[in-house]
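>>> Provided below are the primary sequence and the corresponding predicted coordinates.
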Amino acid sequence: MRVSAFALSTFALSTLVAVGLGDSALAVPASPSSSPNAEHFSTRHDVVIPNAVEVEAIAPPSMLLTQFSPSQTQAEINAAGQVPYYQDYQGTPPPASQSPPAANLPSPPNALTAQNASAAPPATAQAAPVPIQPNATPIPLQQSPVAPLPAATPVELGDVAVTATDVQIIGADAELQQLVRNTIQTQPGGATTASRLQQDINAILDTGFFTDARVATSVQPEGVSVVFQVEPIVVRSLQLSGARVLPETVVNEIFAPQIGQPVNLAAFRQGVQQVNQWYADNGYTLAQVLTLIPSSNGVVTLDVAEGTVSQIDIRFVNEEGSTVDEDGQPIQGRTDEAFIRRQLQLQPGQAFDQSVAQQDLRNLYNLGLFDNADIALSGDPQNVVVTYSLTERLSRSFNVGGGYSDNAGLFGTLNYQDQNVGGVGDRLGGDLQIGTRDFQFGGNFTSPYRPSDPDRLGYSANAFRRRNTSSTFSDEVDLPNGDRVRLGRFGGGVAVNRPLGEWDADLGLNYTRISARDGDGNVFSEDEQGNPLTFSDTGIDDLTTLAFQASRDRRNNPVNPSEGSILSLSSEQSIPIGNGNILMNRLRANYVQYVPLDLLTSDTETNPENPEVLAFNLQGGTIIGDAPGYNAFDLGGINSVRGYGEGQVGTGRSYLLASAEYRFPIFSPLGGVVFADFATDLGSGDTVLGEPANVRDKPGTGFGYGLGVRVQSPLGLLRADYGFNDQGESSFHFGIGQRF
């Protein structure tokens, strides 16, 4: 029988090629939604890191993992530049250290063995990976018997291209079969050669998912039929590379079912998604699994990038949003950069944690030095640059003024305020008023407690001399000489503060000398009806108190909050020394809740100057022991029930006050307010010394409502409210800062 030249030059002989073992890497999706199908997996010898990205918010950068391209072993070229023939591929059998041939894979007659591929370079160098221990008793591998490769009539083989009429992969599940199809060059209907089949075997083993791979061919009328026989690796253990915050126990729990089992791409993909979800749930929004790197010995390396912070930058931004001045130089802030860095919990070398970054922003806001603070991220998941962009608030002012008042006559004033002394947030303030009838002054210094220096107490000191008409003793009842009652206060105090858990605590000692006087400075102990104005019969009382206050602040902004709450509790215990021998304890509680709204603005629109918010305030207090009128609770006015004048609702030993406000933006820098207030002295007006509320016919209970505007200015937030009360009266109220 005549054999055609085509047949003689093709794979008439069933060829069996077996090669050694290699490693490769499996690219994995960054999130469940981006998980590729099995056919999208491919291999290469290096690990691909996502490109550097920049994100201008606290959010994970887009991390696109590049798909791996097949690693192709090129056919060797002999000295004559020709493709070698079959006999050139005859190699030395694999050493004993290599994995044994797969079970149930008998070699057909005249089987061909290719060169060992184990000498190929490793897929990647692992930086001291952490071993993840398998189960104590590995799950035994269950494999179905694999039919031997078909035999064929042997013929002399040359490296001449022939058509592959059919390409089969046996010995693996459908997903691994598709991985093999994506890896090999030999495809149905395409040309193949002996060297190309050799390359295909090398490429299959280079994936790291198989311990053995063989190929057999048989003659068909149109060409040759190709069958690849593969043996998947059995997962023996996992190694964790690049992890600092990911616990080994979490990885063990996720991948434990796969130990002792043949490699399963779908199971590994699901495990990767669970690891990424653990990162997200724990605030590590930039962390992700980069690659799964299998090896022929059954060790799979999980390579992760955890968004390690490599650098932290501080930049100042002016009111126009620029980071440079007119000369192109970086904006220089008053706040010391080293002081800012001490307030930050996030440090270089740590994995980026979103909750820590948000707490850093709150810490910066709580300094009261910045109108705005943002975080920008740049770099890649392995090296993240964190930039804090800060817009400083106007912190220093000096004012000169003058005028005329009943208390001081013709007067002039000086006022100085600095909220950032030395660039470290210390506060200094002072004022002086000199008039024709009186002079007054006030001064204070505060060095707050800093969490960055926990062993140091915060402290403050103040001194003052004031004389003003009193809302407690209004003009319905005057002094015996017909003049209004004026209360003079002279004294000072010191205090220290530090946190107690989540509470901020203050402890202070205060002294005040209080006197009842007329406009000329003459002292009176009683009003025109004989009601006592002071505890002592001299018209001068000494009030020394030990004051304690604790507050829990959960607001997102201490100046103009849009969400959160603040609760404060205080107690002032007097020490009965000096004029009057006053013994009392003054207790107060104050709670404020802020609820953000988006009735007028969308979720994406923000207005930090005038946020849209519902604000609720509930407060109350009582005095135990002596209750002089000048120390009782006055109700009504700008900081109480709007629509009433100062102190017109009541003066009581106890009180309860409730307020609600709807705050909304109009246009920058203007905002609006709708408010309602209610207060009561709980019937305690007649228990105050001299009964100032009863003799002046104060109702004891009052309700007010109205509208107001808020304007951001260099002096701070200015407010103007117009209120109506339940007596049919109305009044304007002006002040600085929110009502609560």
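Looks like it came in fine. Numbers count the residues shown, from 1 in each chain.

>>> and the gap between the residue nearest to L656 when sequence neighbours are not counted and I204?
Beyond its immediate neighbours in the sequence, the residue positioned closest to L656 (Cβ to Cβ, 6 or more residues apart in numbering) is G620, lying 4.5 Å away. From N, CA and C alone the C-beta is placed, and that goes for glycine too. Computed with Cβ to Cβ, to the nearest Å, the distance linking G620 and I204 is 79 Å.

>>> tell me which of these two has more neighbours.
Just comparing G620 and I204: by other Cβ atoms under 10 Å the higher neighbour count belongs to I204, 28 against 18.

>>> did I read that right, the more buried one in a helix?
Yes: under the criterion used here (DSSP: H, G, I helix; E, B strand; the rest coil), I204 sits inside a helix.

>>> please verify my assumption that A505 contacts S568.
No: taking contacts as Cβ atoms under 8 Å, A505 lies outside contact range of S568: 10.7 Å.

>>> quick check: neighbours shared by the two?
Taking Cβ atoms under 8 Å, 6 or more residues apart in numbering as the contact criterion, the common neighbours of A505 and S568 are Q549, A550.

>>> for stretch 390-403, which outside residues touch it?
314-319, 333-335, 340, 364, 368-373, 410-420, 559, 714-715.

>>> quick check: which element contains N617?
Using DSSP states H and E, the secondary-structure element containing N617 is strand 613-625.

>>> direction included, what does the following helix or strand past that strand pair up with?
Downstream of strand 613-625, the next assigned helix or strand under DSSP H and E is strand 633-635. With DSSP bridges as the criterion, the sheet partners recorded for strand 633-635 are strand 650-652 (antiparallel).

>>> which strands and helices sit next to the helix or strand containing A516?
With secondary structure defined by DSSP H and E, A516 is part of strand 503-517. For strand 503-517, the contact count by 3 or more Cβ pairs under 8 Å, 6 or more residues apart in numbering; DSSP states H and E identifies strand 486-500, strand 540-553 as packing neighbours.

>>> in CSV: these, plus distance to N282 and mean pLDDT.
Formatted as CSV, the helices and strands packed on strand 503-517 follow (distance: least, Cβ to Cβ, whole Å; pLDDT from 0 to 100):
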stretch, distance to N282, mean pLDDT
strand 486-500, 25, 96
strand 540-553, 26, 97
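
>>> I'd like the ones you listed as a markdown table, with mean neighbour count appended.
A markdown table is the format used below for the helices and strands packed on strand 503-517 (neighbours: other Cβ atoms under 10 Å):
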| stretch | mean neighbour count |
| --- | --- |
| strand 486-500 | 17 |
| strand 540-553 | 18 |
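
>>> after the longest helix along the chain, which helix or strand is next? Please name it.
Counting residues, the longest helix found in the chain (DSSP state H) is helix 265-281. The first helix or strand that comes after helix 265-281 along the chain, using DSSP H and E, is strand 288-293.

>>> give the next helix or strand downstream of that next one.
Under the assignment DSSP H and E, the closest C-terminal helix or strand after strand 288-293 is strand 299-305.

>>> surely Q529 meets N694?
No: between Q529 and N694 there is no contact under Cβ under 8 Å: 11.1 Å.

>>> the two: who's more crowded?
Shown here are Q529 and N694; by other Cβ under 10 Å, N694 has more neighbours (15 against 10).

>>> could you confirm that one falls within a helix?
Yes: read with three-state DSSP, N694 is one of the residues of a helix.

>>> so which strand or helix has V180?
When secondary structure is defined using DSSP H and E, the element that contains V180 is helix 174-183.

>>> partner residues bridging T413?
If you apply DSSP bridges, the partners that T413 bridges to are G401, Q433.

>>> can you get me a residue count around it?
Other residues lying near T413 total 16 when counted by other Cβ under 10 Å.

>>> relative to F439, how far out is it?
T413 is 11 Å from F439, where distance means Cβ to Cβ.

>>> what does whatever helix or strand Q440 lives in rub up against?
Q440 belongs to strand 439-447 when elements are defined using DSSP H and E. With contact meaning Cβ under 8 Å, 6+ apart, strand 439-447 is reached by 408, 426-433, 458-467.

>>> mind checking which of those residues are buried?
Neighbour counting over the contacts of strand 439-447 (16 or more other Cβ atoms under 10 Å) leaves 408, 426-429, 431, 433, 458-460, 462, 464-467 as the buried ones.

>>> take those and keep only those in strands.
426-429, 431, 433, 458-460, 462, 464-467 (DSSP state E).

>>> and which of the residues you listed is nearest V523?
R467 (11.7 Å; Cβ to Cβ).

>>> so the closest one sits against G519, correct?
No: using Cβ under 8 Å, R467 and G519 do not qualify as a contacting pair, with a distance of 9.3 Å.

>>> overlap in contacts of these two?
The overlap between the contact sets of R467 and G519 (Cβ under 8 Å, 6+ apart) consists of N407, R486.

>>> what's the domain layout of the chain?
According to automatic domain parsing, the chain is divided into the following domains: 309-392, 448-736.

>>> closest one to P247 among those domains?
Comparison of the domains of the chain against P247 by Cβ to Cβ identifies domain 309-392 as nearest, at 12.6 Å.

>>> any idea how far apart the tips of the closest one sit?
Domain 309-392 has an end-to-end distance of 25 Å (Cα to Cα, to the nearest Å).

>>> chain center to that domain, what's the gap?
Put simply, domain 309-392 sits 13 Å off its chain's centre (Cα atoms, centre = their mean, to the nearest Å).

>>> with stretch 207-217 instead?
Taking Cα atoms, centre = their mean, the mean C-alpha location of stretch 207-217 is offset from the chain mean by 48 Å.

>>> next: stretch 404-415.
Here stretch 404-415 is found 50 Å from its chain centre; the criterion is Cα atoms, centre = their mean.

>>> before we move on, what about stretch 534-544?
Averaged C-alpha coordinates place stretch 534-544 at 54 Å from its chain's average position (Cα atoms, centre = their mean).

>>> follow-up on the earlier one: closest to T165 out of the helices and strands packed on strand 503-517?
Ranking those by proximity to T165 (Cβ to Cβ) places strand 540-553 first, at 77.6 Å.

>>> list the buried residues for the next helix or strand after that closest one?
The C-terminal neighbour of strand 540-553 among helices and strands, as given by DSSP H and E, is strand 564-575. Of the residues in strand 564-575, those buried under the neighbour-count criterion (16+ other Cβ under 10 Å) are G564, I566, S568, L569, S570, E572, Q573, S574.

>>> possible to save those residues as a markdown table with distance to V299 and pLDDT?
Formatted as a markdown table, the entries for the buried residues of strand 564-575 read as follows, by distance: Cβ to Cβ, whole Å; pLDDT from 0 to 100:
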| residue | distance to V299 | pLDDT |
| --- | --- | --- |
| G564 | 50 | 96 |
| I566 | 55 | 98 |
| S568 | 59 | 98 |
| L569 | 60 | 98 |
| S570 | 64 | 98 |
| E572 | 69 | 98 |
| Q573 | 70 | 98 |
| S574 | 75 | 98 |
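
>>> could you dump those residues to CSV with distance to F678?
Shown next, in CSV, are the buried residues of strand 564-575 (distance: Cβ to Cβ, whole Å):
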residue, distance to F678
G564, 24
I566, 20
S568, 20
L569, 22
S570, 22
E572, 25
Q573, 30
S574, 30
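
>>> of those, closest to Y705?
Looking at the buried residues of strand 564-575 and their distance to Y705, the nearest is I566, at 23.7 Å (Cβ to Cβ).

>>> could you pull up the residues touching that closest one?
With Cβ under 8 Å, 6+ apart as the criterion, the residues that contact I566 are S551, R552, D553, R554, R555, N590, Y591, V592.

>>> separation between it and Q274?
Looking at I566 against Q274, where the rule is Cβ to Cβ, the gap reads 40 Å.

>>> ok, back up a step: buried residues, the strand holding A516. List them.
Of the residues in strand 503-517, D504, A505, D506, G508, N510, Y511, T512, R513, I514, S515, A516, R517 count as buried by neighbour count, 16+ other Cβ under 10 Å.
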